[in-house]
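K.L.:
coords please:
(2 chains)
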Protein chains: 2
Amino acid sequence: MTLSGPFAPDVPTEIQRAIAAVEPPDPQWAARASERHSRLTMPSGSLGRLLDVGRQLAAIQRTVEPVTDPALVAIFAGDHGVAAEGVSAYPSEVTGQMVLNYLRGGAAVNVFARRVGATVRVVDLGLASAPDGLHDHSHLIRHPMALGTRNFLHEPAMTREFAFAAFAVGLRLAERWTSVDGARVIALGEMGIANTTSASALVAGLLGAASDRVVGRGTGVDDPGLARKRNVIAQALKNHGDRITDEWDWISRVGGFEIIGLAGLAVGAARRRAVVILDGLISTTAGLIATRLCPPVRGSLISASLSPEPAHRIALDAMDLRPLLDLNLRLGEGTGATLAIPLIACSAGLLRDMATFDSAGVSGPSA
Amino acid sequence: MTLSGPFAPDVPTEIQRAIAAVEPPDPQWAARASERHSRLTMPSGSLGRLLDVGRQLAAIQRTVEPVTDPALVAIFAGDHGVAAEGVSAYPSEVTGQMVLNYLRGGAAVNVFARRVGATVRVVDLGLASAPDGLHDHSHLIRHPMALGTRNFLHEPAMTREFAFAAFAVGLRLAERWTSVDGARVIALGEMGIANTTSASALVAGLLGAASDRVVGRGTGVDDPGLARKRNVIAQALKNHGDRITDEWDWISRVGGFEIIGLAGLAVGAARRRAVVILDGLISTTAGLIATRLCPPVRGSLISASLSPEPAHRIALDAMDLRPLLDLNLRLGEGTGATLAIPLIACSAGLLRDMATFDSAGVSGPSA
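P.N.:
Modelled structure (predicted):
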């Protein structure tokens, strides 16, 4: 038998070990949370999906008093060679410019993170260009793989070795953020011009979805751009499709450094029993990669926000995830995931802080 | 011509003046907010409904830098004579018991309010009974109209004069909370065993909806209880329907003190340019009363959370409101409205705190 996928011979031991170490959430703790919910001063089930989230948190953390602070928003950034095909409304320089914007606190995700009490971390996984002031910014976490990926229309976006390296960055940051910083919730954010093209190709490749079902407008590409994007993805799936031996081949051939890094972050966070919040298409694709390599990760994922990108719904359905919010958000950068943090924190708060019928002296339902 | 409705001869001058003083939001400020949105560092329109909320806040407050703090959750409580018909899963004592629970900080709404940084205020508009320790609780705001309403299956729930008085309580508290406390956002919460029966009858009466379309399970009444509830509402609509001269007749004949008080609170808050967040069926019915008496109030309302109660959707449609959240919440007490506070605060934060393309040195879309 030939080993492939997560345990293929060339997959570094560090990654194989991390994947093998992830345990699924414990359903016994979900049951204990349900029992506690039934004693809290509210009609049975009356807080709907917040109770589902509470059970999930209890099962992840093995406690009926789950904790969601500190919460961290991780923005992984990288550029994409396929941007040269005119698949995005914005030029590649915007990736680095927005990274500087995150570091200076001026982006939407910063506004939301400040409001909800989450810390933002910004990681360079492979920017193609950097505006003045970026590289000497003390808060930028630098793990650049290259000056962007290669153009996957013509060649693999990266080698398998680069994919392993990007994944390992995510694993190691998960370890640091959960142990040193004690993060209990990690929201996945990203920036990378053209990365909906890469993510759509990944969803199509990993799930065998038809290329014309996965393509959307990303940040708002016009009709000719949308047609180019559709053609690029269809052609790339055809070019690479014959040479696929396992998930890592899809990941490296049409992926992006920031997407793969986030997949590693999800696996590393799940291993450390932190909650992973998925945002829109890109981070959900990272979640899909993580669950394909390591199915127990699924139990640590919460989907925050439904994106209009068609591939987002396909990836969610494949993981049986349903977003908490449907506000027509399509910005990415972790904005939707950050908005979900208070909902998740409130779900935990119910279990930790609510009075029971007994303790509050409240009568139950009439017999 | 006979004056009726908001300006009927018996309506107290205080109420008539408040209703006449409400100005609708200013669309010029919404347009200015749109212009500002277009310069912020994100693709046009990419934060969907948060941008709609931002425009509404700007139009209400006449500024492109709207403010959402302090935020206040107002829980109005009252009992309902119709509870004697067995229309609720819980006995009437639970109203007072839960009021004490709110004052002690043990209910779901308290957990949420603490998390989102909102203050809770609890008002007795007419409890039928009080547990030990309630009446001497220093934080209870006491404006009891009576020991609950009368049973509207057999007689009017209250006189028009009582309805005016309950409405005026809301008006005055809005005045105090917006001026003394400076509240910019007021979330409407409520407690009153059997109040979904009252609210459903109000929706049917005010909107002419068929009684069998408005009835739901409330806190979880069983099948026989649901049948009783349906019969009670149908019979009450028939009994009172012939004697209706204006909105105040419906309001007083099948309403509840807490619902009418919240309607007054909505009018008073709108008059002071505060944002009013509606929760589930009960507070949305209060919003419906407010907009029927005073149409400009509509512009100050935000719907937080979709309830499974069928009358909720009918009331929302009548006001052309769409909830921000759909999490299968059916608790009431202001829980859904409180969960929406961070979304609304983040919508304001985008306008106040985000960088523009120019200020951040970020390139716009490719030409």
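K.L.:
Just list the residues touching the residue nearest to A:Gln61 when sequence neighbours are not counted, thanks.
P.N.:
Using C-beta to C-beta, 6 or more residues apart in numbering or on different chains and skipping the chain neighbours, the partner closest in space to A:Gln61 is A:Arg273 (5.7 Å). Using the backbone N, CA and C atoms, a C-beta is placed for each residue, glycine as well. Shown in contact with A:Arg273 (C-beta atoms under 8 Å, 6 or more residues apart in numbering or on different chains): A:60-62, A:300.
K.L.:
Strands of chain A, start to end?
P.N.:
Applying DSSP state E to chain A gives strands spanning A:71-78, A:119-126, A:140-142, A:185-191, A:275-278, A:301-303.
K.L.:
Any idea which of the ones you listed gets closest to B:Ala113?
P.N.:
With C-beta to C-beta as the measure, strand A:71-78 is the member of the strands of chain A nearest B:Ala113 (18.9 Å).
K.L.:
and the residue of the stretch 51-200 of chain A nearest chain B?
P.N.:
Closest to chain B within the stretch 51-200 of chain A is A:Gly106: 2.8 Å, counting by C-beta to the nearest C-beta.
K.L.:
Just send the strands of chain A back as a markdown table, with distance to B:Ile141 too.
P.N.:
Below are those laid out as a markdown table (distance: least, C-beta to C-beta, whole Å):
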| stretch | distance to B:Ile141 |
| --- | --- |
| strand A:71-78 | 35 |
| strand A:119-126 | 38 |
| strand A:140-142 | 50 |
| strand A:185-191 | 36 |
| strand A:275-278 | 38 |
| strand A:301-303 | 38 |
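K.L.:
where does the most centrally placed residue in chain A land on pLDDT?
P.N.:
Residue closest to the average C-alpha location in chain A (C-alpha atoms, centre = their mean): A:Ser283, at 3.1 Å. pLDDT for A:Ser283: 98.
K.L.:
so how many other residues sit close to the nearest residue to A:Gly349 once chain neighbours are set aside?
P.N.:
Nearest residue to A:Gly349 in three dimensions, chain neighbours excluded: B:Val111, at 4.2 Å (C-beta to C-beta, 6+ apart). Using other C-beta atoms under 10 Å in any protein chain shown, B:Val111 has 25 other residues around it.
K.L.:
Also A:Thr63?
P.N.:
A:Thr63 has 17 neighbouring residues, counting by other C-beta under 10 Å.
K.L.:
ok, it - contacts?
P.N.:
Residues near A:Thr63 by C-beta under 8 Å, 6+ apart: A:Trp29.
K.L.:
same deal with A:Pro27?
P.N.:
Taking C-beta under 8 Å, 6+ apart, we find A:Pro27 in contact with A:Ala59.
K.L.:
Would you tell me which residues of the stretch 1-150 of chain A are close to chain B?
P.N.:
Selection of the stretch 1-150 of chain A residues close to chain B by C-beta under 8 Å from any C-beta of the partner chain yields A:40-50, A:88-91, A:93-94, A:97-98, A:100-101, A:104, A:106-108, A:110-112, A:114-116, A:131.
K.L.:
Could I get the full set of helices for the stretch 201-350 of chain A?
P.N.:
Ranges of helices in the stretch 201-350 of chain A, per DSSP state H, counting those that start in this stretch, are A:211-214, A:223-241, A:247-254, A:257-271, A:281-293, A:310-319, A:335-353.
K.L.:
out of those, deepest packed?
P.N.:
Compared across the helices of the stretch 201-350 of chain A, helix A:257-271 shows the largest average neighbour count, a mean of 32 (mean count of other C-beta atoms under 10 Å in any protein chain shown).
K.L.:
tilt between it and strand A:71-78?
P.N.:
With axes from the mean of the first three to the mean of the last three C-alpha atoms, to 10 degrees applied, the angle from helix A:257-271 to strand A:71-78 works out at 150 degrees.
K.L.:
Quick one: distance of helix A:257-271 to the chain centre.
P.N.:
With C-alpha atoms, centre = their mean, to the nearest Å as the basis, helix A:257-271 stands 8 Å off its chain's centre.
K.L.:
Now that helix: average pLDDT?
P.N.:
Mean per-residue pLDDT for helix A:257-271: 98.
K.L.:
Could you tell me the angle between that helix and strand A:185-191?
P.N.:
Between helix A:257-271 and strand A:185-191, the angle formed by their directions is 170 degrees, by the same axes, to 10 degrees.
K.L.:
ok so, going back, show the buried residues in the residues of the stretch 1-150 of chain A next to chain B.
P.N.:
The neighbour count (16 or more other C-beta atoms under 10 Å in any protein chain shown) marks A:40-43, A:46-50, A:88-91, A:93-94, A:97-98, A:100-101, A:104, A:106-108, A:110-112, A:114-116, A:131 as buried among the residues of the stretch 1-150 of chain A next to chain B.
K.L.:
Which of these fall within helices?
P.N.:
With helices taken from DSSP state H, the overlap with these comprises A:48-50, A:93-94, A:97-98, A:100-101, A:104, A:108, A:110-112, A:114-116.
K.L.:
before we move on, the earlier item: can you lay out the strands of chain A as a markdown table showing distance to A:Leu237 and mean pLDDT?
P.N.:
Shown next, in a markdown table, are the strands of chain A (distance: least, C-beta to C-beta, whole Å; pLDDT from 0 to 100):
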| stretch | distance to A:Leu237 | mean pLDDT |
| --- | --- | --- |
| strand A:71-78 | 21 | 98 |
| strand A:119-126 | 23 | 98 |
| strand A:140-142 | 33 | 98 |
| strand A:185-191 | 22 | 98 |
| strand A:275-278 | 23 | 98 |
| strand A:301-303 | 25 | 98 |
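K.L.:
quick one: A:Gly126 from A:Thr197, how far?
P.N.:
Relative to A:Thr197, A:Gly126 is positioned 16 Å away (C-beta to C-beta, to the nearest Å).
K.L.:
Between those two, point out the one with more neighbours.
P.N.:
The neighbour count for A:Gly126 versus A:Thr197, taken as other C-beta under 10 Å, is higher for A:Thr197 (31 against 26).
K.L.:
Let me see the contact set for the more buried one.
P.N.:
Residues near A:Thr197 by C-beta under 8 Å, 6+ apart: A:80, A:82-83, A:85, A:87-88, A:218, A:229, A:232-233.
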